[in-house]
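Trainee: Attaching a predicted model along with its sequence, questions to come.
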Amino acid sequence: MQAIVFEEFGGPDVLHVKEITEPHAGPGEIRVAVKAAGVNPMDYKIRHGWMEQAFATPLPAVPGLEIAGVVDEVGAGVTDVAVGDDVLGWSATGAYAQYALAATAVPKPASLGWAEAAAIPVAGETAARVLDELALRDGETLLLHGAAGAVGSMAAQLATARGAIVIGTASPANHEYVRSLGAIPVTYGDGLVERVRSVAPQGVDAVFDTAGKGALPDSIELRGGTTDRIVTIADPAAAELGVAFSSGGAGSSTPEKKRAGLAENARLAAEGALRLRIAGTFPLAEAAQAQETSENGHANGKLVLTP
């Protein structure tokens with residue numbers, strides 16, 4: 001089968017198309033003919049070798065965490081899906097490929113497009129996980145950095161559904177979109193503290209940073225000087241500032257909880273109750289361009305590959 005492979009760590013140019021051996025479903029596994037694969041910031045961080053201290057990546061490697069596609073092999077003991085079913089979920093063998101084994105998958109609603117389905121797993125699980133870590137409650141005010149991005153837009157909607165008031169940082173061009181998610185938009189950058197205080201004189205109860213663009217010192221000031229209830233998924237300065245960095249990983253969520261959350265988010269998206277913005281789709285051969293766009297921070301929404 002064709003897949004995108006990198007055989008050394010480095011820039012986007014290390015990604016290339018290669019014919020590799022097809023994976024096959026073992027006991028408890030399914031194989032999926034991939035229709036869409038999500039592109040995430042984690043992908044380029046792994047490609048650079050930046051995640052090696054957290055977890056090793058054996059080379060050569062196929063990138064990608066999220067898949068949507070059609071089940072074409074079912075391993076022994078699998079009873080919840082059958083060959084021919086449409087599914088979405090997490091890949092166990094790399095999503096940038098014609099076929100992938102699924103680590104966790106659920107049925108795809110018929111009305112949900114392939115690209116939209118591939119946009120749900122990582123952003124949905126990450127947003128829900130961090131909101132749980134922040135213990136966000138009804139009536140509280142959340143400051144959300146990067147509210148127009150894939151994780152940020154998901155977090156804005158899930159937080160408002162919990163009854164929170166959400167203040168979302170974004171560029172002026174994205175303010176209307178952030179407002180459509182139920183959040184109050186403010187422009188990021190110099191003067192952020194004053195802008196947030198003008199729309200939230202009551203203060204902020206929690207901060208979720210999805211952008212990693214140096215907003216943590218302002219966030220600490222807005223929290224009254226404490227780092228309590230501030231979580232980032234993107235700012236490498238977190239440790240030196242004493243801010244919690246959430247990266248998920250083993251033990252962060254049980255397979256059952258991940259599957260239940262994924263199925264619920266897919267249902268909400270299919271019904272139009274959860275909005276997903278696709279910033280761009282790329283053929284498999286243009287994976288390097290997709291990752292470069294992701295790394296440059298120029299994507300307003302989700303990037304998706306279509307093998």
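Mentor: In hand now; what should we look at?
Trainee: And stretch 229-241, end to end?
Mentor: 13 Å (Cα to Cα, to the nearest Å).
Trainee: Equivalent analysis for stretch 68-79, please.
Mentor: Note: stretch 68-79 ends 19 Å apart using Cα to Cα.
Trainee: Kindly indicate whether Leu143 is helix, strand or coil.
Mentor: strand (DSSP: H, G, I helix; E, B strand; the rest coil).
Trainee: what number of residues lie near it?
Mentor: 28 (other Cβ atoms under 10 Å). To be clear about C-beta, it is placed using only N, CA and C from the backbone, and glycine gets the same treatment.
Trainee: And for Leu65?
Mentor: Leu65 has 23 nearby residues by other Cβ under 10 Å.
Trainee: how far away is His187 from Leu268?
Mentor: One correction, residue 187 is Thr, not His. 29 Å (Cβ to Cβ, to the nearest Å).
Trainee: For Arg195, give me its contacts.
Mentor: Val186, Thr187 (Cβ atoms under 8 Å, 6 or more residues apart in numbering).
Trainee: That one: which element?
Mentor: For Arg195, the host element (DSSP states H and E) is helix 192-199.
Trainee: quick one, helices of this protein?
Mentor: 41-48, 114-118, 121-133, 150-161, 175-180, 192-199, 216-222, 238-241, 255-270, 287-296 (DSSP state H).
Trainee: Out of the ones you listed, which is closest to Thr104?
Mentor: The closest of the helices of the chain to Thr104 is helix 255-270. By Cβ to Cβ, the value is 5.3 Å.
Trainee: quick check: mean pLDDT across that closest one?
Mentor: Helix 255-270 shows a mean pLDDT of 93.
Trainee: name the helices or strands packed onto it?
Mentor: strand 86-91, strand 99-107, helix 114-118, helix 121-133 (3 or more Cβ pairs under 8 Å, 6 or more residues apart in numbering; DSSP states H and E).
Trainee: between the ones you listed, which gets nearest to Gly26?
Mentor: strand 99-107 (8.0 Å).
Trainee: Which strands or helices does the closest one pack on?
Mentor: Using 3+ Cβ pairs under 8 Å, 6+ apart: strand 99-107 touches strand 30-39, strand 66-74, strand 86-91, helix 255-270.
Trainee: Now mean neighbour count and distance to Gly297 too, for the ones you listed, in JSON lines please.
Mentor: Shown next, in JSON lines, are the helices and strands packed on strand 99-107 (neighbours: other Cβ atoms under 10 Å; distance: least, Cβ to Cβ, whole Å):
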{"stretch": "strand 30-39", "mean neighbour count": "26", "distance to Gly297": "13"}
{"stretch": "strand 66-74", "mean neighbour count": "23", "distance to Gly297": "19"}
{"stretch": "strand 86-91", "mean neighbour count": "26", "distance to Gly297": "24"}
{"stretch": "helix 255-270", "mean neighbour count": "18", "distance to Gly297": "24"}
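Trainee: before we move on, back to that, turn the helices and strands packed on helix 255-270 into a markdown table, columns for mean pLDDT and distance to Lys213.
Mentor: Converted to a markdown table, these look like this (pLDDT from 0 to 100; distance: least, Cβ to Cβ, whole Å):
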| stretch | mean pLDDT | distance to Lys213 |
| --- | --- | --- |
| strand 86-91 | 97 | 27 |
| strand 99-107 | 94 | 31 |
| helix 114-118 | 98 | 25 |
| helix 121-133 | 95 | 17 |
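Trainee: low-scoring stretches of this structure, by residue?
Mentor: Along the chain, segments meeting pLDDT under 70 span 249-253.
Trainee: Report the central residue of it.
Mentor: Ala123 (2.9 Å; Cα atoms, centre = their mean).
Trainee: That residue contacts Gly146, correct?
Mentor: No - applying Cβ atoms under 8 Å as the test, Ala123 and Gly146 come out as separate, 11.4 Å apart.
Trainee: tell me the contacts of the residue nearest to the centre of the chain?
Mentor: Ala150, Val151, Ser153, Met154, Lys302 are the contacts of Ala123 under Cβ under 8 Å, 6+ apart.
Trainee: quick one, what contacts the residue lying closest to the last one once chain neighbours are set aside?
Mentor: If the residues on either side of it in the chain are set aside, Lys302 comes closest to Ala119, at 4.0 Å by Cβ to Cβ, 6 or more residues apart in numbering. Contact partners of Ala119, counting by Cβ under 8 Å, 6+ apart, are Gly38, Glu66, Ala150, Leu276, Ile278, Lys302, Val304.
Trainee: Quickly note the distance from the fourth one to His16.
Mentor: Yep, that's Leu276 we're talking about. In terms of Cβ to Cβ, Leu276 sits 29 Å off from His16.
Trainee: who has more neighbours, the two?
Mentor: Between Leu276 and His16, counted using other Cβ under 10 Å, the more crowded position is Leu276 (23 against 14).
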